[in-house]
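# Turn this into a structure:
(one chain, ligands or ions: 1)
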Amino acid sequence: MRIVIKIGTSTLAHASGRLNIRQVELLCKVVSDLKNAGHEIILVSSGAIGMGVGKLSLKERPKDTPTKQAAAAVGQCELMYTYDKAFAEYCHTVAQILLTGADVEDERRHRNFRNTIFRLLELGALPIVNENDTVATEELGIGDNDTLAAIVAESVGADLLVLLSDIDGLYTADPRKDDRATLIPVVEAITPEVEALAGGAGTGLATGGMETKLHAAKIATRAGTDMIIANGAHPALLYEIAAGKPVGTRFVGRKQA
Ligand code: GLU
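Numbers count the residues shown, from 1 in each chain. The predicted structure is shown next:
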């Protein structure tokens, strides 16, 4: 299977912005093993701004664009250094791809991006994509990595898109506020009722919430790719996902003409 896995900041870093070493090591181990088993994996990783916040010892996630971009510039290095080190332990080679909204809109640049990803997969490398936050300002940017991951999944014709988050999936209500909330295992169609279940933005250092995940689900499912939301606190769930077992919430892909 060709699987795009989006890793959210909340999976990679503690609330302080410092690396969650245990979780990252486990995640890289499982992803390496899935590659060894023959799956083609592409990671879309957040965490540049979050890690920059940690590394620069900023008190909170910056709100102004220049500081956000400065934090991303610092954090992106840390992010790739971390992945390079962790995946090297299992003999896997990582490749960094940074994209902006303009790159996916422009036909030629989009084609170049796809060619690079396909070549990297042929070479056995592990592409790791993020938005090029140092140049993508709010007006030009894709804005969130859930959407970016869906665009990547669509571009490479992925079989599956997995969004690893700090929540188990889509619930009937916000489980942080309502203890009667239950997990929805399968979403066949993104109806207005389903959209109404998406609350506001995510927590702490993260950018996305359920809203951006549903937006991603629309892009992916329309392209015929299934999308799963699962909890990144348990990277071993990826084994079950790759084996087709029910985990988190699955949005069923139906290619639209
Ligand atoms: N590109 C941002 C970062 O690496 C994250 C955007 C997102 O998480 O949606 O910090």
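# all helices in this structure, in order from the N-terminus.
Taking DSSP state H, the helices of the chain run over residues 9-12, 21-36, 48-55, 65-88, 101-105, 107-122, 145-156, 192-196, 210-222, 237-242.
# Contacts for stretch 94-110 next, please.
Stretch 94-110 has contacts (Cβ atoms under 8 Å, 6 or more residues apart in numbering) with 76, 80, 83-84, 87, 113, 116-117, 120, 125-132, 135-136, 140-143, 148, 151, 155. Using the backbone N, CA and C atoms, a C-beta is placed for each residue, glycine as well.
# In that stretch, which residues are buried?
Within stretch 94-110, the residues scored as buried using 16 or more other Cβ atoms under 10 Å are Val94, Ala95, Ile97, Leu98, Leu99, Thr100, Gly101, Asp103, Val104, His110.
# Point out where the stretch 1-150 of the chain drops to low pLDDT.
Along the stretch 1-150 of the chain, segments meeting pLDDT under 70 span 138-140.
# cutoff 90 now
Within the stretch 1-150 of the chain, the stretches with pLDDT under 90 are 9-10, 13-19, 54, 60-61, 101-102, 104, 135-143.
# Return the residues of it in contact with the ligand.
Thr9, Ser46, Gly47, Ala48, Ile49, Gly50, Ala72, Asn130, Glu131, Asp133, Asp144, Asn145 (Cβ under 6 Å from any ligand atom).
# how about those residues in CSV, adding neighbour count?
Formatted as CSV, those follow (neighbours: other Cβ atoms under 10 Å):
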residue, neighbour count
Thr9, 31
Ser46, 30
Gly47, 30
Ala48, 29
Ile49, 31
Gly50, 30
Ala72, 27
Asn130, 24
Glu131, 26
Asp133, 23
Asp144, 23
Asn145, 27
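# measure the residue lying farthest from the centre of the chain to Gly248 for me?
For the chain, the residue at maximal distance from the C-alpha centroid (Cα atoms, centre = their mean) is Arg180, at 28.2 Å. Arg180 sits at a distance of 19 Å from Gly248 (criterion: Cβ to Cβ, to the nearest Å).
# Same check on Gly52?
From Gly52 to Gly248 the distance is 29 Å (Cβ to Cβ).
# Select only the buried ones of the contacts of stretch 94-110 in ChimeraX?
To isolate the buried members of these in ChimeraX, using 16+ other Cβ under 10 Å:
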select :76,80,83,84,87,113,117,120,125,126,127,128,129,130,131,132,136,141,142,143,148,151,155
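# mind listing what the residue farthest from the centre of the chain touches?
So Arg180 contacts Thr172, Ala173 (Cβ under 8 Å, 6+ apart).
# Lys68 against Val135, yeah?
No - using Cβ atoms under 8 Å as the test, Lys68 is too far from Val135 to be in contact (11.9 Å).
# Now for Ala37: which residues touch it?
Shown in contact with Ala37 (Cβ under 8 Å, 6+ apart): Ala242.
# cutoff 10 Å now
With contact taken as Cβ atoms under 10 Å, 6 or more residues apart in numbering, Ala37 is in contact with Met1, Tyr239, Ala242, Ala243.
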